[in-house]
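**Student:** need a structure here:
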Amino acid sequence: MSRLFAVARKTFSALSIPNFRRFFIGQSISLVGTWMQSIAQSWLVFRLTHSATDLGFVVALQTLPVLLLGAYGGVIADRVDKRKLMVILQSLMGLQALALGILTVTHLVSFWQICLLAVILGLNNTFENPARQSFVLEMVGGERVRNAVSLNSTMVNGARAIGPAIAGLIIAVAGVGVCFLFNAASFVAVVYSLRSMEVATLLRSEPAGRAKGQMREGFRYVAKEPRLLVPLIMCAIVGMLTYEFQVSLPVVASETFHGGAATYGFLTAAMGVGAVLGGLVTANRGRTGLWPLTIAGASFGLVVLWAALAPLLGLEFVALAAVGWASVTFLATGNSTLQLEATPSMRGRVMSLWSVAFMGSTPIGGPAIGWVIAVSNARVGLGVGALAALVAAAIGFVAAERLGLSGRSKRPRSAEAPLTPLELAADD
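**Tutor:** This is a model prediction of the structure:
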């Protein structure tokens with residue numbers, strides 16, 4: 001029993017910090033609503049247009065601002081109080097969800113309105129994502145950042161297990177618009193969690209201040225650091241073509257397995273269940289660095305290939321649970337690796353590039369996967385994503401071998417004697 005308690009303390013160690021605990025609870029409520037909106041929006045677009053290409057187009061519009069302005073979002077995150085910025089942006093995201101909900105329940109919604117509101121949400125995400133990603137370190141400190149990132153990923157995917165299942169049932173019973181209204185209300189929780197924090201206990205980074213060339217400085221910094229550049233390239237490839245489940249899964253549910261909104265919701269929920277389990281394991285035993293990221297990328301590609309080939313709906317649920325497990329491992333490993341490798345004054349800009357790599361690549365990948373599905377089928381679309389993850393893993397393998405990062409170090413990390421970048425990459 002004592003060993004079980006020790007494992008639990010290690011797995012959930014970041015939650016011992018009051019500010020992170022508040023943040024975690026607020027985000028947990030809000031993210032259930034976010035996933036409900038994601039499912040509802042994809043289903044609404046597919047119902048209005050019956051087009052996988054249009055699905056990809058909407059996803060692309062939502063992430064296009066991240067591609068165009070994401071690096072500048074990191075500059076802003078390094079300049080300002082991240083908590084205050086998040087309060088403003090989370091409030092605006094709630095208003096966006098409210099507008100979409102009102103339009104839908106009053107039967108006034110049209111495709112162009114969904115597109116416009118998707119762009120507005122994307123603009124908010126452009127500046128909120130780098131602030132939120134780099135704010136984690138200010139709440140928990142360097143020693144617990146990997147644990148906090150893994151728990152965040154677990155939280156996101158726990159919401160993915162709950163939100164889509166609820167959304168599928170609500171869509172079937174009450175309609176799509178109720179999902180958007182629930183999401184709008186859920187933002188109250190995260191705004192309250194941010195405003196109620198004990199500001200004095202935050203480990204705030206020194207603001208970078210205004211200066212010319214800060215965005216270029218961020219690009220130059222990453223370009224000369226292969227331990228940052230290679231993971232970002234890997235994340236861009238995977239984010240562009242593998243993480244397009246909002247495009248592929250509605251078609252898998254509707255055309256491959258001849259189901260409805262409930263089937264789509266439960267397919268996404270299956271990914272969430274697997275991701276929760278994977279996130280907890282990563283929080284307890286996860287590693288950072290290029291080599292662990294390479295292994296995670298290869299595993300991700302293999303299980304997505306399994307999902308592409310699964311012949312029965314029951315097997316697809318199991319395959320997508322494995323996809324969820326592998327996806328959260330890849331996501332948390334890449335995120336924590338970049339946060340730990342980046343210097344504090346550059347962390348916002350580095351994490352903005354992470355957002356660009358993961359979400360900003362979707363304006364290319366979303367329509368591309370939508371087109372692949374339109375000219376073939378959803379299984380081929382998933383197969384392309386699997387191949388992309390395996391290509392990213394191959395790039396990571398070659399880079400790790402050339403940089404000598406494939407070995408493992410047994411030296412423990414300590415705050416007083418931080419590891420070198422080489423040791424950090426192999427740390428567990």
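**Student:** Against residue 47, how distant is the most centrally placed residue in the chain?
**Tutor:** For the chain, the residue nearest the mean C-alpha position is residue 331 (6.8 Å; CA atoms, centre = their mean). Look at residue 331 and residue 47: by CB to CB, to the nearest Å, they are 29 Å apart. Any C-beta I mention is one placed from the backbone N, CA and C, and that applies to glycine too.
**Student:** Then residue 175?
**Tutor:** Applying CB to CB, the value for residue 175 to residue 47 is 11 Å.
**Student:** Also residue 182?
**Tutor:** Counting by CB to CB - residue 182 and residue 47 are separated by 19 Å.
**Student:** and the next element down the chain from the lengthiest helix in the chain?
**Tutor:** The longest helix of the chain (DSSP state H) is helix 18-49. Downstream of helix 18-49, the next assigned helix or strand under DSSP states H and E is helix 52-79.
**Student:** Downstream of that next one, the next helix or strand is which one?
**Tutor:** helix 82-105.
**Student:** May I see the buried residues of that next one?
**Tutor:** Buried residues in helix 82-105, counted by 16 or more other CB atoms under 10 Å: 82-83, 85-87, 89-90, 93-94, 96-101, 103-105.
**Student:** Now do that helix and helix 18-49, the angle between them.
**Tutor:** 30 degrees (axes from the mean of the first three to the mean of the last three CA atoms, to 10 degrees).
**Student:** to the chain's geometric centre, what's the distance from helix 82-105?
**Tutor:** Relative to its chain's centre, helix 82-105 lies at 19 Å (CA atoms, centre = their mean, to the nearest Å).
**Student:** buried sites along stretch 106-124?
**Tutor:** Buried-residue list, stretch 106-124, by 16+ other CB under 10 Å: 109, 114-115, 117-118, 120-124.
**Student:** Give me the nearest residue to residue 237, chain neighbours excluded.
**Tutor:** Nearest residue to residue 237 in three dimensions, chain neighbours excluded: residue 392, at 4.3 Å (CB to CB, 6 or more residues apart in numbering).
**Student:** oh, I was asking about residue 89
**Tutor:** residue 128 (4.1 Å).
**Student:** Count the neighbours of that neighbour for me.
**Tutor:** Counted by other CB atoms under 10 Å, the residues lying close to residue 128 total 22.
**Student:** Can you tell me the element it falls in?
**Tutor:** Here residue 128 is assigned to helix 111-140, by DSSP H and E.
**Student:** immediately after that helix, which helix or strand?
**Tutor:** Going down the chain from helix 111-140, the next helix or strand is helix 145-173, by DSSP H and E.
**Student:** residue ranges with poor pLDDT in this structure?
**Tutor:** Across the chain, the ranges flagged by pLDDT under 70 are 1-4, 6-8, 142, 153, 157, 160-161, 205-213, 282-286, 359-360, 405-428.
**Student:** ok, now how distant is the nearest residue to residue 43 once chain neighbours are set aside from residue 33?
**Tutor:** Counting by CB to CB, 6+ apart, residue 43 lies nearest to residue 261, which is 5.1 Å off, once chain neighbours are set aside. Noted for residue 261: a distance of 17 Å to residue 33, by CB to CB.
**Student:** quick one: residue 180 and residue 38 touch, right?
**Tutor:** No. Using CB atoms under 8 Å as the test, residue 180 is too far from residue 38 to be in contact (10.5 Å).
**Student:** Looking at the two, which is more packed in?
**Tutor:** The neighbour count for residue 180 versus residue 38, taken as other CB under 10 Å, is higher for residue 180 (26 against 21).
**Student:** just to revisit the earlier point, now do the longest helix of the chain against helix 111-140, angle only.
**Tutor:** Helix 18-49 runs at 160 degrees relative to helix 111-140, counting by the same axes, to 10 degrees.
**Student:** What is helix 18-49 packed up against?
**Tutor:** Packing partners of helix 18-49 (3 or more CB pairs under 8 Å, 6 or more residues apart in numbering; DSSP states H and E): helix 52-79, helix 82-105, helix 111-140, helix 145-173, helix 176-195, helix 245-251, helix 261-285.
**Student:** So which elements touch the first one?
**Tutor:** Going back to what we said before, that points to helix 52-79. On a contact count with 3+ CB pairs under 8 Å, 6+ apart, helix 52-79 meets helix 18-49, helix 111-140, helix 214-223, helix 245-251, helix 347-355, helix 362-375.
**Student:** Of all these, which one is nearest residue 279?
**Tutor:** helix 18-49 (12.4 Å; CB to CB).
**Student:** orientation of the closest one relative to helix 176-195 in degrees?
**Tutor:** If you take the same axes, to 10 degrees, helix 18-49 sits at 160 degrees to helix 176-195.
**Student:** Just the CA atoms from stretch 80-90 would do, formatted as PDB, please.
**Tutor:** The C-alpha trace of stretch 80-90 is given here as PDB (Å, rounded to 0.1, in the frame of the first residue of the first chain):
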ATOM      1  CA  VAL A  80       3.400  40.500 -20.800                       C
ATOM      2  CA  ASP A  81       1.800  39.000 -17.700                       C
ATOM      3  CA  LYS A  82       0.700  35.600 -19.000                       C
ATOM      4  CA  ARG A  83      -2.100  35.100 -16.400                       C
ATOM      5  CA  LYS A  84      -3.800  38.400 -17.200                       C
ATOM      6  CA  LEU A  85      -3.500  37.800 -21.000                       C
ATOM      7  CA  MET A  86      -5.100  34.400 -20.500                       C
ATOM      8  CA  VAL A  87      -8.000  35.800 -18.600                       C
ATOM      9  CA  ILE A  88      -8.800  38.200 -21.400                       C
ATOM     10  CA  LEU A  89      -8.400  35.600 -24.200                       C
ATOM     11  CA  GLN A  90     -10.400  32.800 -22.400                       C
END
